[in-house]
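Undergrad: Got a predicted model here, sequence first, then my questions.
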Amino acid sequence: MGTVSTGNAEHYTWGQRCDGWHLLAGSDLSVIEERMPAGAAEVRHRHARSRQFFYVLEGELTIELDGETHHVRMGEGLHVPPGAAHQVRNDAVADARMLVVSSPRSHGDRIDAPLESTP
C-alpha cells in the first residue's frame, strides 16, 4: 500500500455541495477529509456506536454538541462521543476543510436528531 491523499482517495459528495475523501475506510476506523463550503450545514444527528473526532485543517467550523455551541478553528478539534447529538456548520465566509475520524466507522450508524421544540 502506498500513500493516500485527496488526489487518489475515493471521493463522494454530500449535503450542500460538500466533498469527502475516504483516506482510510476500515470497519473499525474511518478517516475522512471533508470540504464544507461557506454557509453549508449537515443535518443534526447522532451515532449509536461511533465516536468521532473533528479536526479543522483550514477555516473554522461551528459544531453544536448536545445543545452547546463550539467554534472550532484551524488546528483545533472536538470529540463527539457515541450517542451525542451534533451538527457541523460552516458559518464563515470561506470554505472549511476538516478531518473526521470515526471508530468504528460512522456510515450506517446515523440517527437524525432534530432539536426538540419547546411548547
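TA: Received it, and whenever you're ready, just let me know what you need.

Undergrad: and the residue nearest the centre of the chain, what does it touch?
TA: In the chain, the C-alpha nearest the mean C-alpha coordinate belongs to Val100, at 5.1 Å (CA atoms, centre = their mean). Residues near Val100 by CB atoms under 8 Å, 6 or more residues apart in numbering: Ser30, Val31, Ile32, Glu33, Glu34, Gln52, Phe53, Phe54, Tyr55, Ser106. Any C-beta I mention is one placed from the backbone N, CA and C, and that applies to glycine too.

Undergrad: Report the beta-bridge partner residues of the third one.
TA: In this case it means Ile32. With DSSP bridges as the criterion, Ile32 is bridged to His22, Val100.

Undergrad: still on that earlier bit, can I get the contacts of Val100 in JSON lines including neighbour count?
TA: What follows is the contacts of Val100, written out as JSON lines (neighbours: other CB atoms under 10 Å):
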{"residue": "Ser30", "neighbour count": "20"}
{"residue": "Val31", "neighbour count": "20"}
{"residue": "Ile32", "neighbour count": "22"}
{"residue": "Glu33", "neighbour count": "20"}
{"residue": "Glu34", "neighbour count": "22"}
{"residue": "Gln52", "neighbour count": "20"}
{"residue": "Phe53", "neighbour count": "15"}
{"residue": "Phe54", "neighbour count": "22"}
{"residue": "Tyr55", "neighbour count": "19"}
{"residue": "Ser106", "neighbour count": "21"}
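
Undergrad: any idea which of the residues you listed is closest to Glu64?
TA: Glu64 lies nearest to Phe54 out of the contacts of Val100, by CB to CB, at 11.8 Å.

Undergrad: how about the closest one, what does it touch?
TA: By CB under 8 Å, 6+ apart, the neighbours of Phe54 are Leu61, Ile63, Val72, Gly77, Leu78, Val80, Val88, Met98, Leu99, Val100.
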